[in-house]
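Trainee: sequence first, predicted coordinates after that:
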Amino acid sequence: MNCLLPLTRTLVFLACLGLIMPGAVLRAARPDGGSPPGRQTSSATPPVSDVELDAEGRLRGAVINVQGVPVARATVVVWQDGREVARTAADALGCFSVNGLRGGTYLISVGNSAKPYRTWVTQTAPPKTSPLALIIVGGDVVRGQVPLGNFFCSDAVVIAGMVGAIIAIPVAVHQSHGDDPSSP
């Protein structure tokens with residue numbers, strides 16, 4: 001009868017593992033049709049970047065793709081408070097400029113990419129303000145970072161947990177048999 005106790009513990013552990021791990025896989029798969037964990041779109045606004053206007057109130061910038069290659073003749077649209085205030089096209093080197101802007105917050109968009117900028121008039125900008133607005137287009141920029149919640153719901157963690165359990169459970173069962181007292 002004593003040998004059934006470790007086996008019962010093992011079966012209970014496997015049953016719990018079977019109930020917990022599939023739940024993690026279902027959360028990671030997002031059966032509700034949402035984005036997969038690694039490609040979730042954030043509703044948070046991207047951070048505002050500071051850029052200094054030149055003496056004539058001109059905003060200068062460049063449009064590049066995710067590989068760092070300039071995007072020639074891209075249409076650049078400047079928005080403020082939900083309305084379009086300027087539209088221009090980048091030149092052959094991806095450079096653009098927009099005249100007549102004042103200090104304030106603007107959303108600069110190129111295609112599906114958009115980024116907020118806080119513009120400053122000459123010599124009023126904070127010390128680390130850039131003289132150029134850099135717009136990156138052509139896809140999401142991925143830096144190899146995974147939120148902790150997505151990591152623990154990933155298939156790799158589930159598989160590693162199962163492999164660890166497959167190795168640890170027989171070792172634990174074998175170790176528990178060595179502790180049985182011998183019969184007289």
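Mentor: It's in.
Trainee: pLDDT value on the residue lying closest to residue 93 once chain neighbours are set aside, please?
Mentor: Counting by C-beta to C-beta, 6 or more residues apart in numbering, residue 93 lies nearest to residue 70, which is 5.1 Å off, once chain neighbours are set aside. C-beta: built from backbone N, CA, C; applies to glycine. Looking at residue 70, its pLDDT stands at 94.
Trainee: my guess is residue 70 contacts residue 61. True?
Mentor: No - counting by C-beta atoms under 8 Å, residue 70 sits too far from residue 61 to count as a contact (11.4 Å).
Trainee: just to revisit the earlier point, count of neighbours near the residue nearest to residue 93?
Mentor: 15 (other C-beta atoms under 10 Å).
Trainee: again with the one 4 residues further on
Mentor: For residue 74, the tally of surrounding residues (other C-beta under 10 Å) stands at 21.
Trainee: one more: the one 4 residues further on?
Mentor: In terms of burial, residue 78 registers 21 neighbours under the definition other C-beta under 10 Å.
Trainee: what's the helix or strand for the closest residue to it other than its chain neighbours?
Mentor: Setting aside the residues directly before and after it, residue 78 is nearest to residue 86 in space (C-beta to C-beta, 6+ apart), at 4.1 Å. Using DSSP states H and E, residue 86 falls within strand 83-89.
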